[in-house]
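Student: need a 3D model of the following:
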Amino acid sequence: MVPVTSTAHNIAITAESLQEDLTRLEVQKQALERELAAVTAHLGSVQRALSALQALMPDAVSVDAPSSVEPTPAPRVTPVDNTTESADESTATPGHTDGDDDHVKSYGKLTEQILEYFAQAGDVDVRARDVASALGRDTDSGSINAVRSTLDRLVGSSRVRRAGRGLYRAAKS
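Tutor: Okay, here's the model as predicted:
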């Protein structure tokens, strides 16, 4: 027979473990909600840009968006109280159209911040995690992955160089 104190101790350990999991999952949920809002806003701006370009094209050369690219309605995101969120991160609600121009301006701030960081860093190799840390965006894996994705886009546009596996360096002018 198992003593009562041992059972109570096991229950307390399990409850503590579940509480830690709950905290971790809440942080992950908030990061995913921010990422979803940013992707939704980017999708809207790409759709508007494509519509504007199509309006400028002659009828003979009209380009239709493939039907597989049609947007699916994004799930409604419940706003979260995120007091640690920096002012330049998006809290836009999917489908929101008023003030989208303001959101588009803040959407590019991460790119600008990364380019400023590399301008100051000089000719050194840095990891994405170090860049995220310097920008105050190392609070969760979602924020670090956003920095990593932005770095990869900057490498693709030759604004930043890949110096090795997981290493980045300012592009030579």
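Student: quick one: least confident helix or strand in the protein?
Tutor: Every helix and strand in the chain was compared by mean pLDDT, DSSP states H and E; the lowest is helix 100-107, with a mean of 43.
Student: that helix: what's the following helix or strand?
Tutor: helix 109-121 (DSSP states H and E).
Student: hmm, residue 114 is touching residue 147, no?
Tutor: Yes: checked against CB atoms under 8 Å, the pair residue 114 and residue 147 is within contact range at 7.0 Å. Heads up, the C-betas are built off the backbone N, CA and C, glycines and all.
Student: three-state assignment of residue 158?
Tutor: When the structure is split into helix, strand and coil by DSSP: H, G, I helix; E, B strand; the rest coil, residue 158 lands in coil.
Student: what helices or strands is the longest helix along the chain leaning on?
Tutor: Longest among the helix segments of the chain by residue count, using DSSP state H, is helix 4-56. Using 3 or more CB pairs under 8 Å, 6 or more residues apart in numbering; DSSP states H and E, the elements in contact with helix 4-56 are helix 100-107, helix 141-156.
Student: quick one: pLDDT of residue 76?
Tutor: pLDDT for residue 76: 46.
Student: ignore the last one, residue 72
Tutor: Reported pLDDT at residue 72 in the predicted model: 46.
Student: rewinding a little: mutual contacts of residue 114 and residue 147, please.
Tutor: Common neighbours of residue 114 and residue 147 (criterion: CB atoms under 8 Å, 6 or more residues apart in numbering): 131, 135.
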